[in-house]
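Colleague: I'll drop the sequence and a predicted model, then ask my questions.
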Amino acid sequence: MKILLTGVNGQVGWELRRTLATLGEVIAPTRAQLDLTDVAALREFIHTTRPDVIVNPAAHTAVDKAESEPELAHAINTVAPAVMAEAAAKLGAAMMHYSTDYVFDGSKTGAYVEADITNPLGVYGKTKLAGEQAIIASGIPHVILRTSWVYSLRGGNFLLTMQRLFRERDTLNVVNDQYGAPTWSRMISEASAQILAQRPFLDHNGIYHLTSAGNISWYDFAQAILARTELADGKQVSINPIPASQYPTPATRPVNSVLSGEKVQQAFGIVMPDWEVALESCLGR
């Protein structure tokens with residue numbers, strides 16, 4: 001299998017470069033080598049490399065920043081996947097693409113399933129949803145994996161932000177009325193490789209939810225990170241729970257970001273670990 005992998009310096013892309021190597025040849029251009037906002041260059045790169053599968057974790061993921069730069073978010077989250085799908089159609093290639101809980105508005109009680117009505121609240125969610133729709137409309141064989149609250153030990157994410165703030169401050173305020181499943185990027189990449197190894201495009205085209213099991217608030221997640229973080233000189237940090245209304249952001253977040261993993265389990269036998277088990281594995285404690 002020849003795989004074209006985008007976003008290799010991102011949280012998920014960096015892990016995928018390792019896990020996908022067991023499946024065949026992985027072509028993994030950096031942003032300097034392949035600018036996803038350059039449509040002509042993107043088409044030419046795909047035409048030249050002729051992959052069997054395009055795996056696309058690349059995205060404009062700065063949720064708040066997307067509100068002030070919607071054109072860039074649209075170019076990366078909507079146009080680039082559409083161009084990839086169009087090029088894949090000409091080659092007879094397939095595509096694995098990553099999306100987000102932000103395609104939902106968070107008003108549902110209980111976990112979201114893949115068939116639930118989408119209603120994104122901001123630019124990030126709207127552009128990611130449009131990217132999904134473009135891939136589906138292309139008619140190519142595809143698997144779209146929606147995930148949530150992604151973290152790792154590299155890049156910019158909630159885990160690393162909290163650890164930095166624990167060192168800098170004695171008291172933190174963290175939102176306690178938004179719920180989701182923190183998901184380690186390595187678990188996403190390993191599950192992705194397992195799915196691709198099963199040649200999913202033959203029988204299981206479609207959208208799947210892929211997150212850790214369980215759900216918590218951002219406040220609970222911060223507490224769990226603190227409990228597993230060693231601070232110098234016995235430093236103590238206090239975390240105060242606050243409603244989202246006390247922490248306004250440019251982009252509105254879904255209150256409920258919990259995604260059901262039942263469909264991906266039934267189709268591929270993928271059972272994601274509980275969020276706490278994954279966090280302990282990530283941090284080694």
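Modeller: Okay, I see it.
Colleague: this structure: strands as residue ranges?
Modeller: 2-5, 25-27, 53-56, 94-100, 142-147, 150-151, 171-175, 179-180, 183-184, 206-209, 216-217, 238-242 (DSSP state E).
Colleague: so which of those strands gets nearest residue 270?
Modeller: Among the strands of the chain, the nearest to residue 270 by Cβ to Cβ is strand 206-209 (8.4 Å). (Each C-beta comes from the backbone N, C-alpha and C, glycine too.)
Colleague: average pLDDT for the closest one?
Modeller: The average of the pLDDT scores along strand 206-209 is 97.
Colleague: may I see the buried residues of it?
Modeller: Applying a neighbour-count criterion of 16 or more other Cβ atoms under 10 Å, one finds 207, 208, 209 buried in strand 206-209.
Colleague: including distance to residue 284, could the strands of the chain go into TSV?
Modeller: Listed next are the strands of the chain as TSV, based on distance: least, Cβ to Cβ, whole Å:
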stretch	distance to residue 284
strand 2-5	27
strand 25-27	27
strand 53-56	28
strand 94-100	26
strand 142-147	22
strand 150-151	14
strand 171-175	23
strand 179-180	23
strand 183-184	12
strand 206-209	27
strand 216-217	20
strand 238-242	22
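Colleague: from residue 178, how far out is residue 244?
Modeller: Counting by Cβ to Cβ, to the nearest Å, the gap between residue 244 and residue 178 amounts to 6 Å.
Colleague: out of these two, which sits in the busier spot?
Modeller: For residue 244 and residue 178, the more surrounded residue by other Cβ atoms under 10 Å is residue 178, and the numbers stand at 18 against 15.
Colleague: quick one: pLDDT of that one?
Modeller: 96.
Colleague: contact partners for it?
Modeller: Residue 178 is in contact with 106, 217, 218, 244, 253, 254, 255, 256, 257, counting by Cβ atoms under 8 Å, 6 or more residues apart in numbering.
Colleague: in this structure the third one contacts residue 158, no?
Modeller: Yes: with the criterion set as Cβ atoms under 8 Å, residue 218 and residue 158 qualify as a contacting pair; they are 7.2 Å apart.
Colleague: where do the contact lists of those two overlap?
Modeller: The contact lists of residue 218 and residue 158 share no entry, where a contact means Cβ under 8 Å, 6+ apart.
Colleague: these two - which one has more neighbours?
Modeller: Here residue 218 and residue 158 are compared on neighbour count by other Cβ under 10 Å; more neighbours surround residue 218, at 23 against 16.
Colleague: for that one, give me its contacts.
Modeller: With contacts taken as Cβ under 8 Å, 6+ apart, residue 218 has the following neighbours: 158, 174, 175, 176, 178.
Colleague: how about a cut-off of 10 Å?
Modeller: The neighbourhood of residue 218, defined by Cβ atoms under 10 Å, 6 or more residues apart in numbering, consists of 149, 158, 162, 174-180, 182, 241-242, 244, 247, 253.
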